[in-house]
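Novice: just the structure for this:
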Amino acid sequence: MTPEDAPPGANPRKSGRRDDPRRRRREALDGTPVLWVGVRCDAATAEARGIARGDRAVGMAASQDEIVHRRTVCDVEIDTAHTESMECARTIAAAV
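Specialist: The predicted model follows:
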């Protein structure tokens, strides 16, 4: 259910069907050249980075990894745990 389809006063997010934010982004960017970049690292690295930041709950990175990357098709994927930042940047630049 989209907001336009919802009855007055209804919350479409509570209708049991979740809107796909990726679809909304693709629709909003329709006609604009976009390079979809998947930025990944292993769960242990993500967890360590979250702890180092000091503003993430323990376990947040690992729990969100599957949700964030599920059904996502990217033009380029980089692994920041095993690749230096300049090499990641070169990979992205080469795809532009």
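Novice: flag every buried residue along the lowest-mean-pLDDT helix or strand in the chain.
Specialist: Lowest mean confidence among the helices and strands of the chain (mean pLDDT, DSSP states H and E): helix 60-69, at a mean of 79. Neighbour counts over helix 60-69 (16 or more other C-beta atoms under 10 Å) mark Ala61, Asp65 as buried. All C-beta spots, glycine's among them, are computed from the backbone N, C-alpha and C.
Novice: if you count contacts, what does it end up packed against?
Specialist: Of the remaining helices and strands, those touching helix 60-69 by 3 or more C-beta pairs under 8 Å, 6 or more residues apart in numbering; DSSP states H and E are helix 43-53.
Novice: any idea how far the helix it packs on is from the chain center?
Specialist: Averaged C-alpha coordinates place helix 43-53 at 17 Å from its chain's average position (C-alpha atoms, centre = their mean, to the nearest Å).
Novice: relative to helix 60-69, how tilted is it?
Specialist: For the pair helix 43-53 and helix 60-69, the angle between their directions (axes from the mean of the first three to the mean of the last three C-alpha atoms, to 10 degrees) equals 120 degrees.
Novice: ok, and what's touching helix 43-53?
Specialist: The contact list for helix 43-53 (C-beta atoms under 8 Å, 6 or more residues apart in numbering) reads Cys41, Arg56, Ala57, Val58, Gly59, Met60, Ala61, Ala62, Asp65, Thr80, Ala81.
Novice: centre-most residue in this protein?
Specialist: When the chain is reduced to its mean C-alpha position, the nearest residue by C-alpha atoms, centre = their mean turns out to be Val68, at 4.5 Å.
Novice: quick one on the thing from earlier: including distance to Ala48, could the contacts of helix 43-53 go into CSV?
Specialist: Compiled in CSV, these are given as follows (distance: C-beta to C-beta, whole Å):
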residue, distance to Ala48
Cys41, 9
Arg56, 11
Ala57, 14
Val58, 11
Gly59, 12
Met60, 12
Ala61, 9
Ala62, 11
Asp65, 14
Thr80, 12
Ala81, 10
